[in-house]
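[1] Quick one: sequence and predicted model below, then my questions.
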Amino acid sequence: QVQLVESGGGLVQAGGSLRLSCAASGRTFSSYTMGWFRQAPGKEREFVAAISWSVDSTYYADSVKGRFTISRDNAKKTMYLQMNRLEPEDTAVYYCATVSRRYYYTPKKDEYDYWGQGTQVTVSS
């Protein structure tokens, strides 16, 4: 049973930073692509960033490119999202997710099979 647990959300002023973490358990972490998604009130869940199992490929939504950095520590079975220069538009519940196919890289939300419970990020203006 794959389990994903996010942490690190909170309230921050515009221009500030936060680092989200996603701890994984239940299978071999290093064989699977991981991703971050977010959902703002009244909006659909959207892709934020993804990182391949081998750490050598990352992909970002245009809205966060240059401000957010995704990373992972396969030894600790943990993924991170460093968020800098936060904007009020970044306010959302942030979810980590992973795919069920080994060695498969995708940014497509529908291809992620396991999800965490989410962590709230609120950016005040």
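    Nice, I can see it.
[2] give me the element the residue nearest the centre of the chain is part of.
    Centroid check for the chain by CA atoms, centre = their mean gives W36 as the closest residue, at 2.1 Å. Remark: W36 resides in strand 34-39, with elements defined by DSSP states H and E.
[3] Mind giving me the packing neighbours of that strand?
    The contact analysis (3 or more CB pairs under 8 Å, 6 or more residues apart in numbering; DSSP states H and E) places strand 34-39 against strand 18-25, strand 46-51, strand 78-83, strand 92-98. C-beta coordinates here come from the backbone N, C-alpha and C atoms, glycine included.
[4] do that again at 10 Å, thanks
    Counting contacts by 3 or more CB pairs under 10 Å, 6 or more residues apart in numbering; DSSP states H and E, strand 34-39 packs against strand 18-25, strand 46-51, strand 68-73, strand 78-83, strand 92-98, strand 114-115.
[5] ok so, going back, how many other residues sit next to the closest residue to the residue nearest to the centre of the chain other than its chain neighbours?
    Using CB to CB, 6 or more residues apart in numbering and skipping residues adjacent in sequence, the residue nearest W36 is V48, 4.2 Å away. By the criterion of other CB atoms under 10 Å, V48 has 25 neighbours.
[6] and if you look at the one 3 residues further on?
    The local packing of I51 (other CB under 10 Å) involves 23 other residues.
[7] quick one: secondary structure of V5?
    Put simply, V5 is strand when judged by DSSP: H, G, I helix; E, B strand; the rest coil.
[8] Now that it has come up, it's in contact with C22, right?
    Yes - V5 lies in contact with C22 (CB atoms under 10 Å); the separation is 7.0 Å.
[9] between the two, which one's more packed in?
    Using other CB under 10 Å as the criterion, V5 and C22 rank with C22 on top: 25 against 14.
[10] and the more buried one, bridged to which residues?
    Beta-bridge pairing of C22 under DSSP bridges involves E6, M79.
[11] That's all I had, so thanks and see you.
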